[in-house]
Structure formats: structure tokens, C-alpha cells
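In: fold the stuff below for me.
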Amino acid sequence: MIEVKAVEKPDERRDFPRGHLEAVHLTGLDFAVGTFEPGWRWSESVAPLAGTDTCQIHHNGYVVQGRMHITMDGGGEAEVGPGDVFVCPPGHDAWVVGDEQVVLYDFAGAMAQDYAKPAS
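Out: So this is what the prediction gives:
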């Protein structure tokens, strides 16, 4: 069986301060498109929803537009921008760098399933 879905018609959308996530769910793949506006920071915009101090989602990402800075709980950090493919384990904060919105694709599955959902 083949499945095809368009990101322009997501299965769900989750809004949070200064951004939103659109998710497409297929058998064996949950795909997310994250859009983050200038001024967005995980610890301010999503932490209150997640109920954790830092993001506990694993990301396999591709940056389409904009720049984002990521700092790890253990001290590492990186900045990602257009064309960058990245892997980011749980335990990080991130924020938009500059005045351009960030659009990224996430193939990890956990982002599409759990990111920015209220803690239960």
C-alpha cells in the first residue's frame, strides 16, 4: 500500500506563542513542518505547554528558511540555517536568530506526535 499526503493539507496543526507546527501522519512516518517567528524561544513559547525546562524531543531536521540557535543541557551548541540537516537529541533550548522566520522539516516522528502538546 502506498500513502501520499500533502504538507499543505496537514492532519493536524498545533499553535503556540510565536509559532506553529503542522503534522502529517503516515504508516511508519510522522512528518512535521515547524514555523517559528522572530522572537520565538523554546523555553518561553513551548516549555509552559511541555511542562519541562528544556525540550525533551529528539529531532531529525532540515532547515528550509531562517536561522536557529540550539544549546544542549550538557553544554554543546550549534546554529542551523537553510540547507542544514541536523540531529538534536533531547535536552536542549533553541531560539530564532535574526528577523526571519524559521521553517524546518522534522522527520523524527516524535515532533509530529508530541511536540507542543500540553503535558498530561
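
In: state the number of residues packed around residue 81.
Out: Other residues near residue 81 number 14, with proximity taken as other Cβ atoms under 10 Å. (Each C-beta comes from the backbone N, C-alpha and C, glycine too.)

In: burial measure for the residue nearest to it when sequence neighbours are not counted, as a count.
Out: Excluding the flanking residues, the one nearest residue 81 by Cβ to Cβ, 6 or more residues apart in numbering is residue 67, at 4.4 Å. The local packing of residue 67 (other Cβ under 10 Å) involves 16 other residues.

In: over to the one 5 residues further on?
Out: With neighbours defined by other Cβ under 10 Å, the count for residue 72 comes to 16.

In: can you pull the pLDDT of it?
Out: You'll see residue 72 listed with a pLDDT of 98.

In: show me the contacts for the nearest residue to it once chain neighbours are set aside.
Out: Excluding the flanking residues, the one nearest residue 72 by Cβ to Cβ, 6+ apart is residue 92, at 5.0 Å. Listed by Cβ atoms under 8 Å, 6 or more residues apart in numbering, the contact partners of residue 92 are 42, 54-55, 70-73.

In: from those residues, pick the one nearest residue 29.
Out: Using Cβ to Cβ, residue 55 is the member of the contacts of residue 92 that sits closest to residue 29, with 21.0 Å.
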